[in-house]
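Q: The sequence and its predicted three-dimensional model are supplied below.
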Amino acid sequence: MTPFQKKVYTATKRIPRGKVATYSAVARAVQKQLAVRAVGNALNKNSSSDVPCHRVISSDGTVGGFARGAKEKIKLLRREGVEVRRGRVRPRFILPSL
DNA sequence: GACCTGACTCAAC
DNA sequence: AGTTGAGCCAGGT
């Protein structure tokens, strides 16, 4: 695993339960706000892990993608109390800058 | 080391 | 408000 991914996972772990953070926020957390895509890639590889990757969504509020399917991702989010409507997360649940 | 890909984002149509 | 195109980065081939 690359040091970059490590940072990404660490930042993701900091996301409080019941809340979600945007990929941008994570990118900022790792001091690479322009590497949002790379961040997504890292989380994708991570797939099975102790990292709450399901709490990371797109900046528009869309849940984005998920290794095992966005459907499952939404399920996990709702299980934590996050309201999701038609694949979009309520803005108030989004954590702007970690 | 160049090239392609992808869980992104922003601006424009 | 939904879709499209271009710019961005780290990784893998």
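A: Good, I have the coordinates.
Q: For chain A, list the residues in contact with DNA strand C, please.
A: Within chain A, the positions lying close to DNA strand C (C-beta under 7 Å from any atom of the strand) are A:2-5, A:32, A:34-38, A:41-42, A:45. C-beta coordinates here come from the backbone N, C-alpha and C atoms, glycine included.
Q: what sits against the nearest residue to A:Ala35 once chain neighbours are set aside?
A: Nearest residue to A:Ala35, sequence neighbours excluded (C-beta to C-beta, 6 or more residues apart in numbering): A:Ala27, at 5.5 Å. Shown in contact with A:Ala27 (C-beta atoms under 8 Å, 6 or more residues apart in numbering): A:33-36, A:39.
Q: and with 10 Å instead?
A: A:8, A:11, A:33-40 (C-beta atoms under 10 Å, 6 or more residues apart in numbering).
Q: before we move on, back to that, mind giving me the ChimeraX select for the residues of chain A next to DNA strand C, buried ones only?
A: Remark: buried members of these, expressed as a ChimeraX selection using 16 or more other C-beta atoms under 10 Å:
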select /A:5,35,36,38,42
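Q: Next, give me the two most distant ones among the residues of chain A next to DNA strand C.
A: Greatest spacing in the residues of chain A next to DNA strand C, by C-beta to C-beta: A:Leu34 and A:Lys45 (19.7 Å).
Q: distance of the closest residue to DNA strand B within chain A from A:Asn44?
A: Across chain A, the shortest distance to DNA strand B (C-beta to the nearest atom of the strand) belongs to A:Gly65, at 2.3 Å. Distance, A:Gly65 to A:Asn44, using C-beta to C-beta, to the nearest Å: 7 Å.
Q: hang on, A:Arg86 packs against A:Ala70?
A: No - with contact defined as C-beta atoms under 10 Å, A:Arg86 does not reach A:Ala70; the gap is 11.3 Å.
Q: which residues do these two both contact?
A: Between them, A:Arg86 and A:Ala70 share the contacting residues A:62-63, judged by C-beta under 10 Å, 6+ apart.
Q: From the neighbour counts alone, determine which of these two ranks first.
A: Taking other C-beta atoms under 10 Å, A:Arg86 and A:Ala70 do not tie; A:Ala70 has more neighbours (16 against 7).
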